[in-house]
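structure for the following, please:
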Amino acid sequence: MAKKKKKTTKSHKKKQKTVVKKIEKKKEIVEPQEPKVEVEKKPEKLFTKNYLLLWQGQLVSKFGTKIYLIAIILWLQENTGSKTIVSLFSASSSLPLVVMAILGGAVADRFSRKKIIVLSDFLSGVTMLLVASFFFFNPDYSILLLVFIFGLTIISSTTQAFFGPAISASIPDIVPEKRVAGANSMGKLSDSISMFFGTGLGSILYNAIGMPLVMIINGVSFIFSAISESFIKIPQRIPEKAKSFSKYIEVFKTDLNEGLAYIKKNRGLNRLLMLSIVTGFFAASIAALMVFYVKEFLGLDNEWFSIFLIISGIGSLIGSITAGILNLHGDTRKRLLLLFMLLEAVGYTFLVQVETATPALVLFTIGGFFSGFTVVNIFTIMQITIPSEIRGRVLGAMTTLSGSFQPLGIMIGGVTADIIGLKLVFIIAGSLMFLFVLIFSFNRDLRKLLAHQTAEQMAPTGFTYKIKTVDSDKINEQKEQYLEEQLKKSRSEL
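I've put the predicted structure just below:
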């Protein structure tokens, strides 16, 4: 009987195991496992194939754009002679970028950043070539031609509103964290190269070959950039696509709200945004008056204004390269950033204390250095602290909000200068900027953000050391032993 019971229990256990296996197989069929997502390892060096393709594409398109901007301003001056039209052209090239950047950031997180980068440059190139062809068939100035130029400017600025956040969000994904500052300084280098050579070539090419051919050069540069960028590989987790247009609108609303909510919850980023709004407002009011500072205050010719811009650009280039080479972090970076922001504000007040070109050029160079160093470091901090999934929408929101008060600053600076004079505007704006930077420098959240360190930066350097610790119990035991020995000696002597 006992043997039969053992056999039945063994057979029962076998049946249970087979049933459990069948259930597990059914579960595997009904509940499929989540697909494994392979995450590409980040390269250790900066100049990889992906980054070089991106950088050279940007350099070519920026170079063509600088040539075009100088040429189109000269064309507008010659054909219209209106300062209002030139200022409206400047506004049409900046306002869409500021307004649409927040939407461009949300799109950069929802769709393929590589496709956004390529399509933005391609659309800019095609529209530029279309307007150039219209120029060939209608070379004389007309209202219709002016409308085409303004339309082209608005389209190009709008595409840049999508292009910029996609680029900014992609850089931390194609270079290692410790090289992000270097990547940003290389981006500033491409800006400086295009400004130095593009500014000079713009007027030369405009006089030599005319406006239509200059536009063709710019259009071809955009298309070349798009072709170069099409070979880039950008690792990105793209969310699921919405099923209808109305759902896309809802998704974008939630994405925008998420970006704004992240800025609101992140107290350090919130304080940085507030500081950038205030400093951007006062800096814009001063920048709008730089032409009058060079011509009226210093009494120099028009050519000197471009020299001052180039000198400031050289200082900014040196500052950005220095930021990339030093790659500072922690308290050292925090202290230098706050110090340079304070000194930059003081520099604006010193500009109106000099009356000759040489010391003014020195101040422009130093101010450009402080600005370039600060911009690269702050942008790097934002890139490495914001998660990749929401980086585009947060950077887009930061661009829109920080730049929203700059047009107002330009207008107020010009009106105030007509009432109280240029010198007082420089002193008041520079002093208020210094005061606000000083107040924000005591904010704990902002200081913590500026001193942010990545895990790689906090890793041990390889130098190790040991600290000898003393056990208090052992010390007490030694004291007791010593006292006992002393007592024994004293007793023996007695």
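
every contact and neighbour count from this point should use C-alpha atoms.
Fine.

buried residues in stretch 229-240?
Using 16 or more other Cα atoms under 10 Å as the burial criterion, the residues of stretch 229-240 that qualify are 229-230, 232-236.

sorry, slip of the keys, the one I care about is stretch 116-130.
Judged by neighbour count using 16+ other Cα under 10 Å, the buried positions of stretch 116-130 are 116-129.

again, but for stretch 376-386
Neighbour-count burial for stretch 376-386 [16+ other Cα under 10 Å]: 376-378, 380-384, 386.

least confident of those residues?
Taking those together, the minimum pLDDT is found at Gln383 (80).

from the buried residues of stretch 229-240, which land in strands?
Using DSSP state E, no member of the buried residues of stretch 229-240 sits in strands.

switch these over to TSV; also include distance to Gly319 and pLDDT.
Supplementary listing: these in TSV, determined by distance: Cα to Cα, whole Å; pLDDT from 0 to 100:
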residue	distance to Gly319	pLDDT
Glu229	28	86
Ser230	31	87
Ile232	28	85
Lys233	30	86
Ile234	28	82
Pro235	30	79
Gln236	31	73
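
name the nearest residue to Leu438, sequence neighbours excluded.
Residue nearest to Leu438 in three dimensions, not counting chain neighbours: Leu342, with 7.1 Å by Cα to Cα, 6 or more residues apart in numbering.

list the buried residues of the helix or strand harbouring that neighbour.
Taking DSSP states H and E as the criterion, Leu342 maps to helix 330-351. If you call a residue buried by 16+ other Cα under 10 Å, then helix 330-351 has these buried ones: 330, 333-334, 336-351.

re earlier: list the ones among the buried residues of stretch 116-130 that fall in helices.
116-129 (DSSP state H).

can you give me the helices in the stretch 201-350 of the chain?
Remark: helices assigned in the stretch 201-350 of the chain by DSSP state H, counting those that start in this stretch are 211-229, 245-265, 267-287, 290-292, 302-326, 330-351.

and those helices, which is most packed in?
Each of those was assessed for mean neighbour count using mean count of other Cα atoms under 10 Å. The highest is helix 211-229, with a mean of 23.

list the helices and strands that one packs on?
Here helix 211-229 touches helix 49-79, helix 113-137, going by 3 or more Cα pairs under 8 Å, 6 or more residues apart in numbering; DSSP states H and E.

can you check what angle separates that helix from helix 49-79?
170 degrees (axes from the mean of the first three to the mean of the last three Cα atoms, to 10 degrees).

now helix 211-229 - C-alpha only, CSV.
What follows is the C-alpha trace of helix 211-229 in CSV, where atoms were taken according to Å, rounded to 0.1, in the frame of the first residue of the first chain:
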residue,chain,number,x,y,z
MET,A,211,21.8,89.7,-55.1
PRO,A,212,20.4,86.8,-57.1
LEU,A,213,23.7,84.9,-57.2
VAL,A,214,24.3,85.6,-53.5
MET,A,215,20.9,84.0,-52.8
ILE,A,216,21.8,81.0,-54.9
ILE,A,217,25.1,80.6,-52.9
ASN,A,218,23.0,80.6,-49.7
GLY,A,219,20.4,78.2,-51.0
VAL,A,220,23.1,75.7,-52.2
SER,A,221,24.9,76.0,-48.8
PHE,A,222,21.6,75.0,-47.0
ILE,A,223,21.1,72.0,-49.4
PHE,A,224,24.8,70.9,-48.9
SER,A,225,24.2,71.1,-45.1
ALA,A,226,21.1,68.9,-45.4
ILE,A,227,23.0,66.3,-47.5
SER,A,228,25.8,66.2,-44.9
GLU,A,229,23.4,65.9,-42.0
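
which ones are touching Asn218?
Listed by Cα atoms under 8 Å, 6 or more residues apart in numbering, the contact set of Asn218 reads 61, 64-65, 67-68, 125, 128.

restricted to strands, list the buried residues of stretch 376-386.
Using DSSP E, none of those sit in strands.

quick one: which of the helices of the stretch 201-350 of the chain is nearest Ser90?
Taking Cα to Cα as the criterion, Ser90 comes closest to helix 267-287 out of those, the separation being 13.7 Å.

residues in contact with that closest one?
Counting by Cα under 8 Å, 6+ apart, the neighbours of helix 267-287 from elsewhere in the structure are 263-264, 382, 398, 401-414, 425-426, 429-430, 432-433, 436-437, 440, 445-449.
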